[in-house]
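Colleague: Sequence first, then the predicted structure:
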Amino acid sequence: MKQFTAEEVATHNKADDCWLIIDGKVYDVTPFLNEHPGGKKVVLMLAGKDATAKFSALHKPDVLAKYGSKLLVGQLASGPAAGESANSSAPAVSRSATGAGRQPGFAPPADTLFGELVPMSDPDWYQGHRSPYFKESHRRLRRAMREFVQREIEPFCFEWDEAKQLPSELRRKCFAAGWLAGFCGAPWPEEYAGGRVIGDVPAAEFDMFHELILIDELARCGSGGVLWGIVSGLSIGLPPILHFGSPEMKRRIAPACLSGEKVICLAITEPYAGSDVAGLRCEARKTADGRHYIVNGEKKWITNAVFADYFTVAVRTGGAGMGGISLLLIERTMPGVTTRQMHCTGVWSSGTTYITFEDVKVPVENLIGKENVGFRYIMHNFNHERWGIVVQASRFARVCYDEAFRYAHKRKTFGQRLIDNPLIRNKLGLMAAKIEATHSWLESVTYNMTQMSHEEQALRLSGPIALLKAQSTQTFEFCAREAAQIFGGLSYTRGGQGEKVERLNREVRAYAIPGGSEEIMLDLGIRQAMRHAKL
């Protein structure tokens, strides 16, 4: 790379020839002046000078990674200019994925360090703490997943969310990387997805801690909409088919969905029934010849449905209550299926949808499992669904904490950094305590899910998972609010430094309500406890 002295850079100080030094690199920003959101005069004030400190104070670190290559012309011969250290106003950590050699004092084993080592911005087993749950295959998966998300997903979340859709090739790219099928849960569905798992994890070894890492690392992108847009249908719409569908249905549907070629969704919620699944009204009546069901009804707030090819639909085939519910596989190509994207507060790119079924003719072969047993099939995956929401909400709380912690180190008010104010440290301390308590419980529950049969999980873990879901979303809400207070007006503006915090604030309700509202989860947890109580 071409090198320049500070004196040479200083000569490029006019509107038609404007260079800046940022982190020791030299950029010709002349073509960008008229596009700068803050106007060109604020840039020209620094023309020919080192702008590192001011740039860092006003921009996210990934701005240069995304746009800088087009403007880069060289580097400063002697590195950053005197007095303008690249890390002068940020936490003393580098943005690396190895963690080796950067922690002062006692050095834990190298394989216990990973990521940027911002305290409590990652689970404790990333930062030198020992854990009985994770082994080398988990570490390999973690490393590969982080690299993929940082390269292929995180830089584009704002763009995709604003567009309210994801690129059509994204799911196929995720499949090629070897992780898309992991969101169906363990064991890895090798028969339909092949045996390649990201991080060279043997498919036979894939467990719920691998899945936890997949979800957790994907959620670092800070967008529930992007996360749900990629994997929601696989985690809740496909499992009923994998567990209860006919062999022919599995062979026809699963490979296309797991490879990202097709999209499936789960359609349960209605305008009339949310958490009260047994009260749904969407009706499926058999034709006189017994060869088809005729489906009529509506579904609301259905994730992925606007771009879905397949719909796993809860319908009423029998009498009132849970005993009259069945699951049908309805296909986009069937006449009478209408979808329209809903305008919601958050998770924009996930495709939240209102569906109308009008005299949809569905072959009886598309019945999933047995007729009128659909409620049990729905319940079969609820623990896994709620567990997945816990993982996401827990990481989103961490993202809020991480963003606030970093910002507090560089934002100055009244002559001092925010982090030097005890009120700000109190906020961060409360956030960290809630996050760590929730994640510790999550790992404990995950371990028991790996040790118990599905039947024992339903008996012993339904209550704790319900309580944990409520705790995780309340922690998420608390951290989103406190991070917003630390960011101030930046958290009220889409894009920019407060992008993730602003977006996650809008997405809290999308986690506190779906999968069972907090109120119902807390009640369920105690009702389950009462069933086991011997008082």
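Modeller: Structure's in. What do you need?

Colleague: Any regions of the chain where pLDDT drops low?
Modeller: Scanning the chain for pLDDT under 70 picks out 79-107, 535.

Colleague: Skipping adjacent residues, who's closest to the most centrally placed residue in it in space?
Modeller: By C-alpha atoms, centre = their mean, the chain has its centre lying nearest to A219, at 3.0 Å. Using C-beta to C-beta, 6 or more residues apart in numbering and skipping residues adjacent in sequence, the residue nearest A219 is R395, 3.7 Å away. All C-beta atoms are positioned from the backbone trio N, CA, C, and that covers glycine.

Colleague: quick one: which helix or strand includes the one you found?
Modeller: Per DSSP states H and E, R395 falls inside helix 382-410.

Colleague: and that helix, how far from the chain's centre?
Modeller: In terms of C-alpha atoms, centre = their mean, to the nearest Å, the centre of helix 382-410 is found 9 Å from the chain centre.

Colleague: what's the closest non-adjacent residue to E154?
Modeller: C221 (4.6 Å).

Colleague: Name the SS class of the one you found, please.
Modeller: Following DSSP: H, G, I helix; E, B strand; the rest coil, the label given to C221 is coil.

Colleague: Now for it: which residues touch it?
Modeller: Listed by C-beta atoms under 8 Å, 6 or more residues apart in numbering, the contact set of C221 reads 149, 153-154, 157, 227.

Colleague: Pick out the one among those residues with the largest number of neighbours.
Modeller: Of all the contacts of C221, the most densely surrounded is L227 (26 neighbours; neighbours counted as other C-beta atoms under 10 Å).

Colleague: How are the helices of the stretch 151-300 of the chain distributed by residue range?
Modeller: For the stretch 151-300 of the chain, helices defined by DSSP state H, counting those that start in this stretch occupy the ranges 157-163, 170-177, 190-193, 208-219, 224-232, 239-244, 247-258.

Colleague: tell me which strands and helices the shortest one is in contact with?
Modeller: Right, helix 190-193. helix 247-258 (3 or more C-beta pairs under 8 Å, 6 or more residues apart in numbering; DSSP states H and E).

Colleague: can you rerun that using 10 Å?
Modeller: Counting contacts by 3 or more C-beta pairs under 10 Å, 6 or more residues apart in numbering; DSSP states H and E, helix 190-193 is packed against helix 239-244, helix 247-258.

Colleague: chain center to the longest one: distance?
Modeller: Here helix 247-258 shows a centroid-to-chain-centroid distance of 25 Å under the convention C-alpha atoms, centre = their mean.

Colleague: and if you look at the first one?
Modeller: Helix 239-244 has its C-alpha centroid displaced from the chain centroid by 24 Å (C-alpha atoms, centre = their mean).

Colleague: Can you list the buried residues in it?
Modeller: 239-242, 244 (16 or more other C-beta atoms under 10 Å).

Colleague: So for D28, what's the nearest residue that isn't a sequence neighbour?
Modeller: Distance criterion C-beta to C-beta, 6+ apart; nearest residue to D28, sequence neighbours excluded, is V73 at 4.8 Å.

Colleague: cool, and K286?
Modeller: Leaving aside its sequence neighbours, K286 sits nearest to Y293 (C-beta to C-beta, 6+ apart; 5.8 Å).

Colleague: Beta-bridge partners for the one you found, please?
Modeller: Assessed by DSSP bridges, Y293 has beta-bridge partners K286, V362.

Colleague: how near is it to E331?
Modeller: 13 Å (C-beta to C-beta, to the nearest Å).

Colleague: Common neighbours of the two, please.
Modeller: Residues touching both Y293 and E331 by C-beta atoms under 10 Å, 6 or more residues apart in numbering: 360, 362-363, 366.

Colleague: Quick check: buried residues in stretch 165-178?
Modeller: 165-166, 170-171, 174-175, 177-178.

Colleague: Can you get me the start-to-end distance on stretch 189-204?
Modeller: For stretch 189-204, the first-to-last residue distance is 10 Å (C-alpha to C-alpha, to the nearest Å).

Colleague: State the distance from the closest residue to A193 other than its chain neighbours to H243.
Modeller: Nearest in space to A193, with sequence neighbours left out and distances taken as C-beta to C-beta, 6+ apart, is A181 at 3.6 Å. Going from A181 to H243 by C-beta to C-beta gives 15 Å.

Colleague: Could you do H292 as well?
Modeller: Separation of H292 from H243 (C-beta to C-beta): 24 Å.

Colleague: D122 now?
Modeller: Remark: distance between D122 and H243 (C-beta to C-beta) = 33 Å.

Colleague: swap in G318?
Modeller: G318 is 21 Å from H243, where distance means C-beta to C-beta.

Colleague: now N505
Modeller: Applying C-beta to C-beta to N505 and H243 gives a distance of 36 Å.

Colleague: Now T356: closest residue in space, sequence neighbours ignored.
Modeller: Nearest residue to T356, sequence neighbours excluded (C-beta to C-beta, 6+ apart): T338, at 4.4 Å.

Colleague: helices and strands around the helix or strand containing that neighbour, which ones?
Modeller: Assessed by DSSP H and E, T338 sits inside strand 337-341. Counting contacts by 3+ C-beta pairs under 10 Å, 6+ apart, strand 337-341 is packed against strand 292-302, strand 310-316, strand 353-363.

Colleague: now what about it, what contacts it?
Modeller: Here strand 337-341 makes contact (C-beta under 10 Å, 6+ apart) with 164-165, 265, 267, 295, 298-299, 302, 305-308, 311, 313, 330-332, 348, 350-358, 360, 362.

Colleague: report the angle between the axes of it and strand 292-302?
Modeller: Relative orientation of strand 337-341 versus strand 292-302 (axes from the mean of the first three to the mean of the last three C-alpha atoms, to 10 degrees): 0 degrees.

Colleague: can you give me how far strand 337-341 is from the chain middle?
Modeller: Distance of strand 337-341 from its chain centroid, counting by C-alpha atoms, centre = their mean, is 25 Å.

Colleague: and if you look at stretch 245-252?
Modeller: 29 Å.

Colleague: what's the answer for stretch 200-207, then?
Modeller: For stretch 200-207, the distance to the chain centre is 22 Å (C-alpha atoms, centre = their mean).

Colleague: Likewise for stretch 16-25?
Modeller: On C-alpha atoms, centre = their mean, the centre of stretch 16-25 falls 35 Å from that of its chain.

Colleague: what do you get for stretch 36-52?
Modeller: When distances are taken as C-alpha atoms, centre = their mean, stretch 36-52 is centred 35 Å away from the chain's centroid.
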